[in-house]
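[1] Okay, predicted coordinates and the sequence, questions at the end:
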Amino acid sequence: MAAEETPPAGVVHPYGRFAVDMRWNGWGDPGQAAPLPDGVRDLLRDLLGVRPADTPPVALDDLAVPPPRLGADVLDALAHAAGGAAHVRTDAASRVRHTRGKSTPDLLRIRAGEVADAPDAVVLPGGHDEVLAVLRACAARRVAVVPFGGGTSVTGGLAPYANGSGFSGVVALDLRRLDRLAALDEVARTAELDAGLRAPEAERLLGERGFTLGHFPQSFEWATVGGFAATRGSGQASAGYGRFDEMVVGLTVATPEGTLRLGRAPRSAAGPDLRQLVLGSEGAFGVITSVTVRVRPLPQVRAYEGWRFGSFDAGAAALRALAQDGPLPTVLRLSDETETMVGLARPEDLGAPDGSAPGGCLVVTGYEGAAGEAADRRAAARVVLRAAGGELLGAEPGESWAAGRYRAPYLRDALLDAGAFAETLETAAFWPALPRLYEAVRGALTETLTAAGTPPLVMCHISHVYETGASLYFTVVGARGGDPLGAWERAKGAASDAILECGGTISHHHGVGTDHRPWYAREIGPLAVAALRAVKSTLDPAGILNPGVLLPRADE
């Protein structure tokens, strides 16, 4: 989605481009929000006991935003570093829009008016040198810095442990002015992209030159290139294009101690690859200001289709066959029986059983590339899928899934409005561990939430596959109940324990943030935590960068 050629009424980008701000208390474009159909409301009421919320969300103008803690001298220093006072904001609306991310707990808190942890200022630097200057100014004054791209974190990555922790204040470092396609090498097929460049604009700029990044996560419309790198994101077409961290060949990183420029060749044996240390670091070690990525020619065709399998196990076996022996589709996704039944793979059809796959599981395949090559790959994959017991459903299920791909987050907001609780979590494991992992996580979520008086509907899909294993992505829907945050904290904790006990990783592509921090420490062990602390103390000795995100606190 390119920037609009004419602005929506009353919405003008402060730097001369037109843009829509994300909803401050929900997802995406405010104009795209829509209520649930009455039939879905009835289904939620009858199936899960969902009732409308007792009180409406607090209005933006009614929020009790605390006054900024930063003095005039600090704000002047930040303005000098960022290129002028226009690039430092302390108004309540700007601060609220940079408070936390977009997880369901984040949204429930902000809808309830909890904004005590709003940043004291929003700073918008215009380039790498200005980012560097802001970090140095903040380190000298003990001001915590939260790097902010699209604001789409769902794991507490924008909720640092900073207030009341010895910091004089908190700054949200908004990178939206870093929004260029800095360079494109058509011979090497690499592109240097500024970290604040939103994904749709990156695709538009690359597309004008005949290329694509091929990275299309569900956050695509709002997330930024730097955020993809900082969280090791993975998009819907990862089977064909790879994860984002696999696309990265170079990084430029600003730290309070100076600049890191990493990556000068496709591969190197010159010591450990420090790019891998920055990828997934979530702003704890430095601020990514530009990313050099591998790009691919724009595909001539994009074709999707659906398949039916009798069970989740049978569908998973088919996906494993394609992942290990090929041919691998560009998009490969399997919904379990419950997700297929309620139509969640096709958000526009929520609540209507998927008649194309009664009593089974829906697989979506997609093929992109040169016309002949994509057609050959599809024909060969059909042979494998049929041999594994699949029934071809035609193009419609796959095309419907692709058309509704970015509606699910809006659907989550509509569910919240209707009094439901909807949240997700994900993991990954090697193929032999997946069946036990699947059952253990579903069981932990169901048992914990049922004990809290809010029995849930738990759905799952596989959307990222590898020769050695795959991801599991769970969606949970239930009645909000009297203590939704407490109930979810207990359920998420039980599910996270189950993930580690069954050999899974605490995150496949959402990142660590603050939500997964204790389990991440358990996953990597105390020696690895100590090594990462040493890296942070070298690059960020004052500890101002996203404190409490990624690395465990001393009291954990």
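    Okay, I see it.
[2] Next one: residue 57 from residue 109, what distance?
    According to CB to CB, to the nearest Å, residue 57 and residue 109 sit 11 Å apart. For the C-beta atoms, the positions are set from N, CA and C on the backbone; glycine is no exception.
[3] Which helix or which strand is home to the residue lying farthest from the centre of the chain?
    Most distant residue from the mean C-alpha position of the chain: residue 73, 36.0 Å away (CA atoms, centre = their mean). Assigned by DSSP states H and E, residue 73 falls within helix 72-82.
[4] Pull up the pairing partners for the next helix or strand after that helix, direction included.
    The first helix or strand that comes after helix 72-82 along the chain, using DSSP H and E, is strand 88-89. Note on strand 88-89: by DSSP bridges, its sheet partners are strand 121-123 (antiparallel).
[5] Need the contact partners of the partner strand.
    Residues from elsewhere that reach strand 121-123, judged by CB atoms under 8 Å, 6 or more residues apart in numbering: 68, 70, 75, 78, 81-82, 87-90, 94-95, 98, 134, 148, 169, 171-174.
[6] 7 Å - rerun?
    Outside strand 121-123, the residues that touch it by CB atoms under 7 Å, 6 or more residues apart in numbering are 68, 70, 75, 78, 82, 87-90, 94-95, 98, 134, 171-174.
[7] same question, stretch 408-421
    For stretch 408-421, the external contacting residues (CB under 7 Å, 6+ apart) are 26-28, 32-36, 41, 44, 50-53, 104, 107, 218, 347, 350, 422, 477-480, 484, 488.
[8] centre of the chain versus it, how much separation?
    Mean C-alpha position of stretch 408-421 versus that of the full chain (CA atoms, centre = their mean, to the nearest Å) differs by 18 Å.
[9] Any regions of this structure where pLDDT drops low?
    1-20, 162-164, 344-358, 553-556 (pLDDT under 70).
[10] 90 instead?
    Low-confidence segments of the chain, defined by pLDDT under 90: 1-22, 28-47, 51-56, 159-166, 342-359, 403-405, 407-408, 552-556.
[11] Against residue 426, how distant is the residue positioned nearest the centre of it?
    Centroid check for the chain by CA atoms, centre = their mean gives residue 510 as the closest residue, at 5.0 Å. From residue 510 over to residue 426 the distance is 6 Å, taken as CB to CB.
[12] what do you get for residue 238?
    Relative to residue 426, residue 238 is positioned 13 Å away (CB to CB).
[13] Buried residues in the helix holding residue 73, which are they?
    Going by neighbour count (16 or more other CB atoms under 10 Å), the buried part of helix 72-82 is 74-75, 77-79, 81-82.
[14] and what of stretch 23-38?
    Residues 23-28, 36 are the ones in stretch 23-38 that count as buried (16+ other CB under 10 Å).
[15] Just the ones of these in helices?
    Of those, none are assigned to helices by DSSP state H.
[16] Let's have the residues you listed in a markdown table, adding distance to residue 123.
    Shown next, in a markdown table, are the buried residues of stretch 23-38 (distance: CB to CB, whole Å):
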| residue | distance to residue 123 |
| --- | --- |
| 23 | 22 |
| 24 | 19 |
| 25 | 23 |
| 26 | 25 |
| 27 | 25 |
| 28 | 24 |
| 36 | 38 |
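[17] Check those residues against residue 547 and report the nearest one.
    residue 24 (24.0 Å; CB to CB).
[18] right, and the helix or strand after the strand or helix carrying residue 172?
    Assigned by DSSP H and E, residue 172 belongs to strand 169-174. For strand 169-174, the following helix or strand on the C-terminal side (DSSP H and E) is strand 181-185.
[19] any idea how far residue 421 is from the nearest residue to residue 44 once chain neighbours are set aside?
    Leaving aside its chain neighbours, residue 44 sits nearest to residue 50 (3.9 Å; criterion: CB to CB, 6 or more residues apart in numbering). Using CB to CB, residue 50 is found at 9 Å from residue 421.
[20] Next, show the common contact partners of the two.
    Counting by CB under 7 Å, 6+ apart, the shared contacts of residue 50 and residue 421 are residue 479.
[21] What about the residue nearest to residue 44, how many residues nearby?
    By other CB atoms under 10 Å, 25 other residues sit near residue 50.
[22] my guess is it contacts residue 42, does it?
    No: here residue 50 does not reach residue 42: they are 9.8 Å apart, not a contact under CB atoms under 7 Å.
[23] Buried members of the contacts of strand 121-123 into PyMOL, please.
    Buried residues within those, by 16+ other CB under 10 Å, are selected in PyMOL with:
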select buried, resi 68+70+75+78+82+87+88+89+94+95+98+134+171+172+173+174
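[24] Span of stretch 402-418 from start to end?
    End-to-end distance for stretch 402-418: 26 Å, by CA to CA, to the nearest Å.
[25] any idea how far residue 464 is from the closest residue to residue 103 other than its chain neighbours?
    In space, residue 103 comes closest to residue 154 once its chain neighbours are excluded; the distance is 4.2 Å by CB to CB, 6+ apart. Relative to residue 464, residue 154 is positioned 16 Å away (criterion: CB to CB).
[26] Please say which of those two ends up with more neighbours.
    Using other CB under 10 Å, the more surrounded residue of residue 154 and residue 464 is residue 154, with 25 against 22.
[27] shouldn't the more buried one be in contact with residue 104?
    No: the criterion here is CB under 7 Å, and residue 154 misses it with residue 104 at 8.1 Å.
[28] now could you export just the CA positions of stretch 380-399 as CSV?
    What follows is stretch 380-399, C-alpha atoms only, in CSV (Å, rounded to 0.1, in the frame of the first residue of the first chain):
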residue,chain,number,x,y,z
ALA,A,380,4.8,-31.3,-8.7
ALA,A,381,3.5,-30.2,-5.3
ARG,A,382,0.0,-31.5,-6.2
VAL,A,383,1.4,-34.9,-6.7
VAL,A,384,3.0,-34.9,-3.2
LEU,A,385,-0.2,-33.5,-1.6
ARG,A,386,-2.5,-36.1,-3.3
ALA,A,387,-0.1,-38.9,-2.3
ALA,A,388,-0.3,-37.7,1.3
GLY,A,389,-4.1,-37.9,1.2
GLY,A,390,-5.0,-34.4,0.3
GLU,A,391,-8.1,-33.4,-1.6
LEU,A,392,-7.8,-30.4,-4.0
LEU,A,393,-10.4,-27.8,-3.3
GLY,A,394,-9.5,-25.4,-6.1
ALA,A,395,-8.3,-21.8,-6.1
GLU,A,396,-11.1,-20.2,-4.1
PRO,A,397,-10.0,-21.2,-0.5
GLY,A,398,-6.5,-20.0,-1.1
GLU,A,399,-7.5,-16.8,-2.9
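[29] got the buried residues for that stretch?
    By neighbour count on 16+ other CB under 10 Å, the buried set for stretch 380-399 is 381-382, 384-385, 388-390, 393, 397-399.
[30] quick check, nearest of the residues you listed to residue 521?
    Among these, residue 388 lies closest to residue 521 (CB to CB), at 39.3 Å.
[31] wait, what's in contact with the closest one?
    Residue 388 is in contact with 314, 317-318, 321, counting by CB under 7 Å, 6+ apart.
[32] So which of those are in helices?
    Among those, the residues falling in helices (DSSP H) are 314, 317-318, 321.
[33] May I ask which of the residues you listed has the most neighbours?
    Busiest of the ones in helices among the contacts of residue 388 [other CB under 10 Å] is residue 318, holding 24 neighbours.
[34] My read is that residue 468 contacts residue 430, right?
    Yes: Residue 468 lies in contact with residue 430 (CB under 7 Å); the separation is 5.5 Å.
[35] For residue 252, the count of nearby residues, please.
    The burial count for residue 252: 23, using other CB under 10 Å.
[36] who does the helix or strand hosting it pair up with?
    Per DSSP H and E, residue 252 falls inside strand 248-255. If you go by DSSP bridges, strand 248-255 pairs up with strand 258-262 (antiparallel), strand 287-294 (antiparallel).
[37] Quick check: closest non-adjacent residue to residue 283.
    Nearest non-adjacent residue to residue 283, counting by CB to CB, 6+ apart: residue 147, 3.8 Å away.
[38] Would you confirm that that neighbour belongs to a helix?
    No: according to DSSP: H, G, I helix; E, B strand; the rest coil, the state of residue 147 is strand, so it is not within a helix.
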